[in-house]
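Peer 1: okay, predicted coordinates and the sequence, questions at the end:
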Amino acid sequence: MQQVQLVNVKASLKGQGNDVYYLDDLNINVSPLQQWVLLGANGAGKSAVAAAIAGFAKIEKGQYENSFERIALVSPDSQKQLLAAELTKDQDDIIDGVTPSSTVYELIIAGRDEQQLDSDLQQQLISLFDFSDKLSKAFRDLSTGETRKLMLIQAIIGRPDLLVLDEPFDGLDVMAMAGLNQLLAELSKTTTLIFVLNRLTEIPDFVDHYAYVKEGHVTEQLAKPTAEQRDDLLKLLHLTHTQLQIPEADIDHQAPPLTDSMLVRLNNASVSYGGEAIFEKLNWQINQGEHWQLTGKNGSGKTCLLNLITGDNPQCYNNDIKVFGYQRGSGESIWQIKQHIGYISNALHMDYRVSITALNTVVSGFYDSIGLYQKATDKQLAIAKQWLALLGLSDKQSSSFSQLSFGDQRLLLIARAMVKHPNLLILDEPCLGLDEANRQRVLLLIEKICAAGTSTVVYVNHHASDKIAGINNYLEMADFTKKAP
């Protein structure tokens, strides 16, 4: 009989650089067609436990048996690894003078005999994720959500008998989430599924086994729990606005005051890659105190648009854009722009690969740097510690950023974006990877920032439940995308 069994297992998983994450005294048994969800707070070790179950950990001690033949894992870590591998390939190919980056289709069929692939399943997945026109696209041109879709296609197309999905819905647009849910319900009839989920509302109805993870241990397991047992396991931390106090600004090191209430203006902006328009004829003005939410499906250009504002997309110089009083391309430096911006995005999270402490990660927000290369003042250190306390990370201030869980890293990058009380706070899917308690905490924090009026907020998310009170302006990217004939 196919099963995964871990008995008193001590295991290690390699992280970024030389970092190693250890699990100890891990016990769990997964049998065929059991459908599991691993729950726990950020930093509890859910992702590490899932990777160990799937066979991606080095077993140091104990008994590990895995008789599943085809195993697939989709996780934030595996997404990072794919991005890093393709980035290395891009750099090598540019040096060699050849066309860089794999295509989407090459990555879908990588390592497989194309003749043996299930063509019906392949077409179903491509249709489900709206990938028909993206198969010949270079991997580097995919959005974060599209990259997640690609990894799901890669995993499912091989018809695994054990499929481990670590936050599979994160970064997906609403239609993709609904379609994936339906597909997974069908797969559950023939495939053993293990989920790592932070949003309790995303637990599929067919899940029949719950495991609670704390400090790298599976502390509680429930098979086909009653509603009362499930509620006991899913108790949430409830916060109120009065419990959240935004730390003060460092008034000694602030950006020069702005003389115009208009922060950003884009006039007839367009972006295209390889002759294909991402969006076009976009007019948008952001004034101080006007909070905005960007909406649109994966690949519609939300992050691309934000990168025009921050200067991280070189096409900002081909467009009529004014930011913080500077006309783009008029000789302004990138730092004259970034001093007014606090920013978190999936790309920034993937790029933040330096091994500095949690405390210094927050402090780096004062200097708009990835890593910290200047000596922080005593006041900046004190403010950064207040942010760590606010987000429940005081006990991790000396921990290396790269050793922390994805969710804890996300919280640090949120604090980094907010720490200097920027004129413009850009939050591109900030709650990705956060557990229920921390998601609630961050949403309330954003609401308080909107109400305080010191920062103007631009917000991106795909979840209706993550609506922010105080954001009343919406920009729908579909309005600036060419409609199919």
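Peer 2: Right, received. Where do you want to start? Keep in mind it's a predicted model, so treat the numbers as computed, not measured.
Peer 1: skipping its backbone neighbours, what lies nearest Ile153 in space?
Peer 2: Using CB to CB, 6 or more residues apart in numbering and skipping residues adjacent in sequence, the residue nearest Ile153 is Leu125, 4.7 Å away. No exception for glycine: its C-beta is placed from N, CA and C like everyone else's.
Peer 1: need the pLDDT of the one you found.
Peer 2: At Leu125, the model reports a pLDDT of 91.
Peer 1: for the stretch 351-485 of the chain, which spans come out with low pLDDT?
Peer 2: Counting by pLDDT under 70, the stretch 351-485 of the chain has low-confidence residues at 482-485.
Peer 1: now do the strands in it.
Peer 2: 424-428, 456-460, 473-476 (DSSP state E, counting those that start in this stretch).
Peer 1: quick one, the first one and strand 456-460 angle?
Peer 2: To tie it back to what came earlier, the one meant is strand 424-428. Interaxial angle, strand 424-428 versus strand 456-460 (axes from the mean of the first three to the mean of the last three CA atoms, to 10 degrees): 10 degrees.
Peer 1: the residue nearest to Ile153: how many residues sit nearby?
Peer 2: Using other CB atoms under 10 Å, Leu125 has 22 other residues around it.
Peer 1: is it possible to export the strands of the stretch 351-485 of the chain to CSV including distance to Val218?
Peer 2: Shown next, in CSV, are the strands of the stretch 351-485 of the chain (distance: least, CB to CB, whole Å):
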stretch, distance to Val218
strand 424-428, 33
strand 456-460, 34
strand 473-476, 42
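Peer 1: show me what contacts Asn319?
Peer 2: By CB atoms under 8 Å, 6 or more residues apart in numbering, the residues touching Asn319 are 266-271, 308, 328.
Peer 1: and if we set it to 7 Å?
Peer 2: By CB atoms under 7 Å, 6 or more residues apart in numbering, the residues touching Asn319 are 266, 269-270, 308, 328.
Peer 1: rewinding a little: make a markdown table from the strands of the stretch 351-485 of the chain and add mean neighbour count and distance to Ser402 to it.
Peer 2: Below are the strands of the stretch 351-485 of the chain laid out as a markdown table (neighbours: other CB atoms under 10 Å; distance: least, CB to CB, whole Å):
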| stretch | mean neighbour count | distance to Ser402 |
| --- | --- | --- |
| strand 424-428 | 24 | 21 |
| strand 456-460 | 23 | 25 |
| strand 473-476 | 13 | 35 |
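Peer 1: which among these is found nearest to Gln5?
Peer 2: The minimum distance between Gln5 and those falls on strand 424-428, with 40.9 Å, by CB to CB.
Peer 1: strand partners of that closest one, parallel vs antiparallel please.
Peer 2: Paired neighbours of strand 424-428 in the sheet (DSSP bridges): strand 341-344 (parallel), strand 456-460 (parallel).
Peer 1: from the contacts of Asn319, which is closest to Asn438?
Peer 2: Comparing the contacts of Asn319 against Asn438 with CB to CB places Leu308 closest, at 30.0 Å.
Peer 1: looking at it, Tyr326 is touching Glu332, isn't it?
Peer 2: Yes: in terms of CB atoms under 7 Å, Tyr326 counts as a neighbour of Glu332; the distance is 4.1 Å.
Peer 1: sorry, back to before: so the residue nearest to Ile153 lies in a helix, does it not?
Peer 2: Yes: with DSSP: H, G, I helix; E, B strand; the rest coil as the criterion, Leu125 is assigned to a helix.
Peer 1: quick one: contacts for it?
Peer 2: By CB under 7 Å, 6+ apart, the contact list for Leu125 reads 153, 156-157.
Peer 1: quick check on the residue nearest to Ile71 when sequence neighbours are not counted: phi, psi?
Peer 2: Once flanking residues are discounted, Ile71 sits nearest to Leu162: 4.7 Å by CB to CB, 6+ apart. Leu162 adopts backbone torsions of phi -130, psi 120, taken as degrees, to the nearest 10.
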